[in-house]
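Novice: starting from these lines, generate the structure:
(chains A and B)
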Amino acid sequence: MHPYRTHNCGELRAEKVGTTVRLSGWVHSKRDHGGLLFLDLRDHYGLTQVVVAGDAPFFNAVEAVRVESVVTVTGPVVARSEDTVNAALATGEVEVRIETFDLESPALTLPLQVAGGQEAGESVRLSYRFLDLRREKMQRNLRLRADVIAMIRRRMTEQGFLEIQTPILTASSPEGARDFLVPSRLHPGRFYALPQAPQQFKQLLMTSGFDRYFQIAPCFRDEDARADRSPGEFYQLDVELAFATQEDVFHAVEPLLRDVFAEFGSRPVADGPFPQIAWRDAMLRYGTDKPDLRNPLEIADVTAAFELEGVTFRAFRSQIEKGAVVRAIPAPNAAARPRSFFDGLNRWARDEGAAGLGYVIFDEEGGKGPIAKFLTPEAVSAIRDAVGIGPGDAVFFVCDQPAPAAAFAGTARTKLGEELGLIDDSVFRFCWTVDFPMYEREAETGKILFSHNPFSMPQGGLEALETATDPEDILAWQYDIVCNGVELSSGAIRNHRPDIMVRAFAIAGYSLDELETQFPALLQAFRYGAPPHGGIAPGIDRIVMLLADEPNIREVIPFPLNQQAEDLLMGAPGPVSDEQLREVHLRTVLPSA
RNA sequence: GGGGGUGUAGCUCAGCUUGGUUAGAGCGCUGGCUUGUCACGCCAGAGGUCGCGGGUUCAAGUCCCGUCACUCCCGCCA
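Specialist: Next up is the predicted model:
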């Protein structure tokens, strides 16, 4: 007989009754009846009830064992009597009457409870992550993560993509997030950087002729954490295709994502191809570049209604004269809501830093509410038509410069969707946001900046760059994929033409020299025959987080850093010896207290 | 860097609004009892720098100031 087990703790069924088995696992719980004692023995696969008779020579040893100790037991599988079957347990029709008991590894008193639903605070959980990961939810989440990655690997490989590893020690790049740096021992004063993404390497692989590449790639960015953003490192499904259009990229990943969510998600994926929404439309209708399409509300621009003859609402008109716009968010069936509903939203808007949230309530006769008296019947009907509502509904207004107005209207749309109970939680709704602008103007300085990836191909190519009257009008072959308002990924058709690249960077104020020194590899590579190519890189952690229905990304990462980017279990970041510092030619200069 | 929330037993939390006897509960832990439980049950017990420092007060877990930690958000994330 195997020294530890003949079966795992989740597989015994009635047909094994009469056989003698050996099980090993953790003592999940213990129920001591004095003359009879039950143990639930747990491993990754499940729970099995083990019975110890009162006359067993090892009875006292079992009584003394603490939960979460590891034990090995041997004995016959016995059918439970009808009234003692536990239907909640997969192994609940049987139990093991044990004849041997070995304590393999005793457990101290626990700093957090593994059995039972009680969840400890995060610092305790992360300090004792090895215990926390024993909990059923964490076992399930990490198994889900493994299953998702396995399916992705299989499907990508089947589609002819080659999985290729790229370096972890690479060069710092001036664009993007803050780098993690690694000092060089052999080259005093020089540093490696951990890659923020394998972006340049995958483009080099395209240039090398690998045609279709993917990788479950670790990415390192020294940026502050959020609930959906793990500090330090995260994983992407990094994908790149040669000779590809935007639609080719979509065809490579849309069916995969649909199937991953359909197979592993607790909810269905909405039918039909993922809608493609132009960035400008998304900003207007949803107030964000990552619209949550489970929320049916759509924002409309109603600036013109407030400029109509006879409309005397000065608070908006004076702002409109200074370039502001008015955005309207519908609130279907809100007319019957009490005054406190509207006051509460107004207070919420102020807490969010907005001037307020004006509103008009519509009934059969027209508009009502604090600002209705400043509106003409023509303005009221213009608003009603623009927003597409009628009697019994209400509409909320945001007035500000276009960008902040869009953003706050988006926040208000989400808030209203929640308050009115309109968000459909029973489905995954994907969309593509497409046609991102290539450039944007910095508000304070008026300077033209790349709005996203500087290596994206401008739509219209060189000609568009040379003929555009305003760089802000130039669109890029740049896209995001969004699920339920969560941005899963950005991607782009890349700019593989050195001449277009030089021109694109010139518009953003980079000289050829700067381009050559800051991005030497790509520019050099593209001078030796580069295929048109493009790709995308969906975030694995976020996908699993959505599938697991977890509000926090750390719930699907085995050993995450905490919000201060510390590993409380391993003690990272930690001090190193003077000798280690000398070897890499470093001396620390700590901030003065 | 900024804003919000939280910090009380090993763990999860109540008590703080309105200061006042010995700071409580559940789980866990220790001892005892218990032969069909599966959140087993019953009895007893141990366990507290109320995050830390200062202040107000006859009296502070409770009020004030500072500080630290954790967390959520803003900034940041080509």
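Novice: beta partners of the residue in the stretch 301-450 of chain A positioned nearest to RNA strand B?
Specialist: Taking CB to the nearest atom of the strand as the measure, the stretch 301-450 of chain A has A:Phe450 as its residue closest to RNA strand B, at 5.1 Å. C-beta: built from backbone N, CA, C; applies to glycine. Under DSSP bridges, the beta-bridge partners of A:Phe450 are A:Tyr439.
Novice: identify the residues contacting it.
Specialist: By CB atoms under 8 Å, 6 or more residues apart in numbering, the contact list for A:Phe450 reads A:Glu175, A:Met438, A:Tyr439, A:Ala508.
Novice: what of A:Ser451?
Specialist: Counted by CB under 8 Å, 6+ apart, A:Ser451 has contacts A:Phe436, A:Pro437, A:Met438, A:Tyr439, A:Glu440, A:Ala476.
Novice: same question, A:Ile493
Specialist: Residues in contact with A:Ile493 (CB under 8 Å, 6+ apart) are A:Ala244, A:Thr245, A:Gln246, A:Val249, A:Ser456, A:Met457, A:Trp477, A:Gln478, A:Pro532, A:His533, A:Gly534.
Novice: check the contacts of A:Ser451 and tell me the two furthest apart.
Specialist: Spatially, the most separated pair among these is A:Glu440 and A:Ala476, at 11.1 Å (CB to CB).
Novice: and the two? which has more neighbours close in?
Specialist: Using other CB atoms under 10 Å as the criterion, A:Glu440 and A:Ala476 rank with A:Ala476 on top: 27 against 16.
Novice: ok, the more buried one touching A:Ser456?
Specialist: Yes: between A:Ala476 and A:Ser456 a contact is recorded at 4.2 Å, counting by CB atoms under 8 Å.
Novice: shared neighbours, these two?
Specialist: Counting by CB under 8 Å, 6+ apart, the residues touching both A:Ala476 and A:Ser456 are A:Phe436, A:Met438, A:Ala492.
Novice: buried set for the lengthiest helix in chain A?
Specialist: Looking across chain A with DSSP state H, the single longest helix is helix A:136-158. For helix A:136-158, a neighbour-count test (16 or more other CB atoms under 10 Å) marks A:Met138, A:Asn141, A:Leu142, A:Leu144, A:Arg145, A:Val148, A:Ile149, A:Ile152, A:Arg155, A:Met156 as buried.
Novice: please apply the same query to stretch A:275-285.
Specialist: Using 16+ other CB under 10 Å as the test for burial, stretch A:275-285 gives A:Ile277, A:Trp279, A:Ala282, A:Met283, A:Leu284, A:Arg285.
Novice: tell me who's in contact with the fifth one.
Specialist: When the contact criterion is CB under 8 Å, 6+ apart, the partners of A:Leu284 are A:Ile299, A:Ala300, A:Asp301, A:Arg327, A:Ala406.
Novice: lowest-confidence entry in these?
Specialist: Least confident entry in the contacts of A:Leu284, by pLDDT: A:Ala406, with 91.
Novice: ok so, going back, name the residues that touch the longest helix of chain A?
Specialist: A:44, A:132-133, A:163, A:214, A:216, A:237, A:239, A:256, A:259-260, A:263-264, A:540, A:543-544, A:547-548, A:550, A:555-556, A:558.
Novice: any part of stretch A:564-572 near RNA strand B?
Specialist: Yes: interface with RNA strand B: stretch A:564-572 contributes A:Gln564, A:Glu566 (CB under 7 Å from any atom of the strand).
Novice: what does that stretch rub up against?
Specialist: Stretch A:564-572 is contacted from outside by A:123, A:126-130, A:222, A:225, A:231-232, A:559, A:561-562, A:573, using CB under 8 Å, 6+ apart.
Novice: who wins for neighbours among the shared contacts of A:Ala476 and A:Ser456?
Specialist: In those, the most neighbours by other CB under 10 Å go to A:Met438, 30 neighbours.
Novice: right, and it touches A:Ile474 too?
Specialist: Yes: at 4.3 Å, A:Met438 counts as touching A:Ile474 under the criterion of CB under 8 Å.
Novice: now do the shared contacts for those two.
Specialist: Applying CB under 8 Å, 6+ apart, one finds that A:Met438 and A:Ile474 are jointly contacted by A:Pro458, A:Gln459.
Novice: for the worst-scoring helix or strand of chain A on mean pLDDT, name the packing helices and strands.
Specialist: Lowest on mean pLDDT, DSSP states H and E among the helices and strands of chain A sits helix A:339-351, with a mean of 83. If you count contacts as 3 or more CB pairs under 8 Å, 6 or more residues apart in numbering; DSSP states H and E, helix A:339-351 packs onto strand A:358-362, helix A:402-419.
Novice: extract the CA atoms of the last one and return them as CSV.
Specialist: Coordinates of each C-alpha in helix A:402-419 appear next as CSV, following Å, rounded to 0.1, in the frame of the first residue of the first chain:
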residue,chain,number,x,y,z
PRO,A,402,-16.1,68.9,-22.9
ALA,A,403,-13.6,66.5,-21.3
PRO,A,404,-14.6,66.9,-17.6
ALA,A,405,-18.3,67.0,-18.7
ALA,A,406,-18.0,63.7,-20.4
ALA,A,407,-16.1,62.1,-17.5
PHE,A,408,-18.6,63.3,-14.9
ALA,A,409,-21.6,62.4,-17.0
GLY,A,410,-20.1,58.9,-17.2
THR,A,411,-19.7,58.7,-13.5
ALA,A,412,-23.3,60.0,-13.1
ARG,A,413,-24.5,57.5,-15.7
THR,A,414,-23.0,54.6,-13.6
LYS,A,415,-24.5,56.1,-10.4
LEU,A,416,-28.0,56.5,-11.9
GLY,A,417,-27.8,53.0,-13.4
GLU,A,418,-27.1,51.6,-9.9
GLU,A,419,-29.6,53.8,-8.1
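Novice: got the angle for that helix vs helix A:339-351?
Specialist: Counting by axes from the mean of the first three to the mean of the last three CA atoms, to 10 degrees, helix A:402-419 lies at 140 degrees to helix A:339-351.
Novice: what helices or strands is helix A:402-419 leaning on?
Specialist: Under the contact criterion of 3+ CB pairs under 8 Å, 6+ apart, helix A:402-419 touches strand A:325-331, helix A:339-351, strand A:394-400.
Novice: the ones you listed into TSV, with extra columns for distance to RNA strand B and mean neighbour count?
Specialist: Formatted as TSV, the helices and strands packed on helix A:402-419 follow (distance: least, CB to the nearest atom of the strand, whole Å; neighbours: other CB atoms under 10 Å):
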stretch	distance to RNA strand B	mean neighbour count
strand A:325-331	18	26
helix A:339-351	9	14
strand A:394-400	15	25
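Novice: ok, now which ones touch A:Pro296?
Specialist: A:Pro296 makes contact with A:Gly417, A:Leu422 under the criterion CB under 8 Å, 6+ apart.
Novice: and it, what pLDDT?
Specialist: For A:Pro296, the pLDDT comes out at 95.
Novice: helix, strand, or coil at it?
Specialist: Counting by DSSP: H, G, I helix; E, B strand; the rest coil, the backbone at A:Pro296 sits in coil.
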